[in-house]
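Trainee: the sequence and its predicted three-dimensional model are supplied below.
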Amino acid sequence: MRAIDLSNVTWRKSSYSNPDGGACLEVADHIPAVVPVRDSKTPERGAVLFGLGAWASFLDALKQS
């Protein structure tokens, strides 16, 4: 597996995040073949990488809930 450098990506908060400092996810766009996701309160812990298909399934499930 190849290493993915996330040091210069632009992170954006989820539109479902709590604006008062609660549970916040950040997502980085435009990374080939993966979607990095991290906790905005503890970005130093790193990111979880989702494949594009898994991420699309996750978003579809959110839309149906």
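Mentor: Arrived safely.
Trainee: ok, how many other residues are close to Arg45?
Mentor: Close neighbours of Arg45, defined as other Cβ atoms under 10 Å, add up to 9. Where C-beta positions appear, they are placed from N, C-alpha and C, glycine not excepted.
Trainee: does Lys13 touch Arg38 like I think?
Mentor: No: Lys13 is beyond contact range of Arg38, at 10.5 Å (criterion: Cβ atoms under 8 Å).
Trainee: give me the more crowded residue out of these two.
Mentor: A side-by-side neighbour count of Lys13 and Arg38, using other Cβ under 10 Å, places Arg38 first with 19 against 13.
Trainee: could you find the closest non-adjacent residue to Ser40?
Mentor: When the adjacent residues along the chain are set aside, Ser40 lies closest to Cys24, with 3.9 Å between them (Cβ to Cβ, 6 or more residues apart in numbering).
Trainee: I meant to write His30 there.
Mentor: Excluding the flanking residues, the one nearest His30 by Cβ to Cβ, 6+ apart is Val9, at 7.8 Å.
Trainee: so what's Val35 up against?
Mentor: Applying Cβ atoms under 8 Å, 6 or more residues apart in numbering to Val35 gives the contacts 27-29, 49-52, 55.
Trainee: what's the ChimeraX syntax to select whichever of those residues are buried?
Mentor: Provided next is the ChimeraX selection string for whichever of these are buried by 16 or more other Cβ atoms under 10 Å:
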select :27,28,49,50,55
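Trainee: give me the subset of the contacts of Val35 lying in helices.
Mentor: Using DSSP state H, the members of the contacts of Val35 that fall within helices are 52, 55.
Trainee: now the contacts of Val35 as a markdown table including pLDDT and distance to Leu62?
Mentor: Written out in a markdown table, the entries for the contacts of Val35 read as follows (pLDDT from 0 to 100; distance: Cβ to Cβ, whole Å):
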| residue | pLDDT | distance to Leu62 |
| --- | --- | --- |
| Val27 | 93 | 13 |
| Ala28 | 94 | 18 |
| Asp29 | 88 | 17 |
| Leu49 | 94 | 18 |
| Phe50 | 94 | 13 |
| Gly51 | 94 | 17 |
| Leu52 | 94 | 16 |
| Trp55 | 93 | 11 |
